[in-house]
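# sequence-free structure coming up:
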């Protein structure tokens with residue numbers, strides 16, 4: 001059978017086979033999802049965080065490759081350690097950004113805590129380290145974080161020996177799209193904002209978040225924060 005005929009047969013199988021969906025309470029590993037079948041695991045409620053470097057294209061255009069590599073490595077190392085410390089599970093790295101999912105009882109509070117701590121790591125750890133190591137550069141690391149929560153489903157995609165998990169649901173898409181908004185900042189949806197602890201909304205009775213209307217996404221209500229949460 002030719003490659004074209006094989007692909008046509010496989011596509012027809014995907015489009016005509018019923019979906020087998022099971023409920024889950026933990027983030028599935030690839031081996032829990034069937035690759036060659038329409039199989040999905042549903043998480044009734046999950047919070048997705050994307051942490052992304054802002055302006056990476058300009059950075060690689062104006063700095064030597066190894067400097068850009070050091071920026072990627074330091075940012076993603078700090079973001080990943082903080083995400084894990086706050087109870088999140090890292091599900092993907094995509095160039096200069098990391099995706100994570102939180103499913104615990106305090107998933108929104110924990111995800112936002114991670115976002116504000118990543119901000120602190122950028123401002124208090126990464127940036128000073130670069131200034132010390134490269135005192136003649138005017139480089140400023142900027143980043144954007146997006147957080148949303150919803151029901152999501154996981155399915156396995158790809159081919160045998162080279163597969164991954166795709167996450168289908170509002171939170172996965174909105175969290176990723178929020179990172180295209182201006183930074184440096186953490187952006188969260190109203191669903192996330194309305195469920196986080198008051199200690200993440202106010203500091204000394206001062207509001208930490210600004211409310212905006214997301215015109216390009218159906219006038220959704222979103223919030224921006226440029227505060228950081230220091231940590232030991």
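Perfect, thanks for sending it. Since we're looking at a predicted model, the values are computed, not measured. Residues are numbered from 1 along each chain as shown.

# When you work out contacts or count neighbours from here on, use the C-alpha atoms and nothing else.
Will do.

# need the longest strand for the chain.
Ranked by number of residues, the top strand in the chain under DSSP state E is strand 142-159.

# mind listing what's buried in whichever helix or strand comes after that one?
Using DSSP states H and E, the helix or strand that directly follows strand 142-159 along the chain is strand 162-168. Buried residues in strand 162-168, counted by 16 or more other C-alpha atoms under 10 Å: 164, 165, 166, 167.

# ok, those vs residue 16, which is closest?
Of all the buried residues of strand 162-168, residue 166 has the smallest distance to residue 16: 19.8 Å, by C-alpha to C-alpha.

# where does residue 72 land in three-state SS?
Following DSSP: H, G, I helix; E, B strand; the rest coil, we place residue 72 in the helix state.

# Name the helix or strand of this structure that has the lowest mean pLDDT.
When each helix and strand of the chain is scored by mean pLDDT, DSSP states H and E, helix 56-62 comes last, with a mean of 84.

# so how far is residue 39 from the residue of the chain positioned farthest from its centre?
Most distant residue from the mean C-alpha position of the chain: residue 1, 40.8 Å away (C-alpha atoms, centre = their mean). Between residue 1 and residue 39 the computed distance is 26 Å (C-alpha to C-alpha, to the nearest Å).

# how about the helices in this protein?
Ranges of helices within the chain are 3-16, 56-62, 65-85, 107-121, 127-133, 170-178, 190-193, based on DSSP state H.

# ok, and what's touching the longest one?
Helix 65-85 is touched from outside by 51, 53, 59-60, 89-90, 96-98, 100, 111, 114, 117-118, 121-122, 126, 141, with contacts defined as C-alpha atoms under 8 Å, 6 or more residues apart in numbering.

# who's in contact with the residue most central in space within the chain?
Among the residues of the chain, the one closest to the centroid is residue 50, at 1.7 Å (C-alpha atoms, centre = their mean). Counting by C-alpha under 8 Å, 6+ apart, residue 50 makes contact with 97, 98, 99, 100, 145, 146, 147, 175, 176, 179.

# ok, it to residue 198 distance?
In terms of C-alpha to C-alpha, residue 50 sits 22 Å off from residue 198.

# Burial check on residue 34, number of neighbours?
Neighbourhood size, residue 34 [other C-alpha atoms under 10 Å]: 14.

# Contact partners for it?
For residue 34, counting by C-alpha under 8 Å, 6+ apart, the contacting residues are residue 156.

# Then residue 155?
33, 38, 39, 40, 41, 165, 166, 167, 168.

# Looking at those, which is nearest residue 14?
Nearest to residue 14, judged by C-alpha to C-alpha, of those is residue 38 at 6.6 Å.
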